[in-house]
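In: pasting the structure only:
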């Protein structure tokens, strides 16, 4: 089951449903306290920055990234799957420029568009999406960094109390009202221009390590003292 289980054939009804969902999520996130843990100044997508980055996030933290603040100059890669269409409409409503494409559909066009807009936008990419496996990075984000010269910033988000929306290969984190949200950015790193296939594979592994490190950091900040404690939180949510 995806994030949007119901298929609505009317475009007008779809837009209304998405608007109501966005409105509801904005109200939910407005009740939450936010804490931003920034490793390097300028990597927080909710603040003005003279430099732009490629932001790596996991698929199950999409909603956290979109609604944990008002993003500034952010574009996001979204699949051409039906759920991706709904998410693209939601992103437009909150001021994020959607770029449609994936490794299987529209990938080359999406890559060309992201290279073109990289000078004026942060580019947010779910490194393990849209079809997983969960928390396993793909090569696309590393290839983009090689072509644009933009540094990759590993990011992570969690909350004290939340729900998990179960999907076919991952889940989606949603905070409970009045909890505290933690959003963190790790140390940016650069990928060599025109990196070879072997180099790209090496940097994919480096990205996974960096994502695990920033994920551990943000969970510690939220008060989860060990992986088992966080696992029990996920089951109970």
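Out: Yep, it's here. Quick caveat, the model's predicted, so the values are computed rather than measured.
In: got a list of what residue 44 touches?
Out: Shown here is residue 44, whose contacts under the criterion Cβ atoms under 8 Å, 6 or more residues apart in numbering are 36, 38, 183, 185. Every residue, glycine included, has its C-beta placed from N, CA and C.
In: And for residue 54?
Out: Listed by Cβ under 8 Å, 6+ apart, the contact partners of residue 54 are 118, 122-125, 141, 144-145, 148, 150-153.
In: So what sits opposite it in the bridge?
Out: The residues listed as beta-bridge partners of residue 54 by DSSP bridges are residue 123, residue 152.
In: What separation is there between it and residue 175?
Out: When distance is defined by Cβ to Cβ, to the nearest Å, residue 54 is 25 Å away from residue 175.
In: Residue 45 in helix, strand or coil?
Out: Classification of residue 45 by DSSP: H, G, I helix; E, B strand; the rest coil places it in coil.
In: Phi and psi next, for it.
Out: The phi and psi torsions at residue 45 (degrees, to the nearest 10) take the values phi -70, psi 0.
In: what number of residues lie near it?
Out: Number of residues near residue 45 (other Cβ atoms under 10 Å) recorded here: 26.
In: cool, residue 70 as well?
Out: Using other Cβ under 10 Å: residue 70 sits among 12 other residues.
In: Can you give me the pLDDT of residue 174?
Out: The predicted local confidence for residue 174 comes out at a pLDDT of 95.
In: Touching, residue 208 and residue 138? I think so.
Out: No: taking contacts as Cβ atoms under 8 Å, residue 208 lies outside contact range of residue 138: 10.4 Å.
In: For burial, what's the neighbour tally of residue 221?
Out: Taking other Cβ under 10 Å as the criterion, the count of residues near residue 221 is 16.
In: and it, what does it touch?
Out: Listed by Cβ under 8 Å, 6+ apart, the contact partners of residue 221 are 35, 37, 182, 184.
In: Then residue 183?
Out: For residue 183, the contacting residues are 34-37, 44, 46, 64-65, 68-69, 155-157, 218, by Cβ under 8 Å, 6+ apart.
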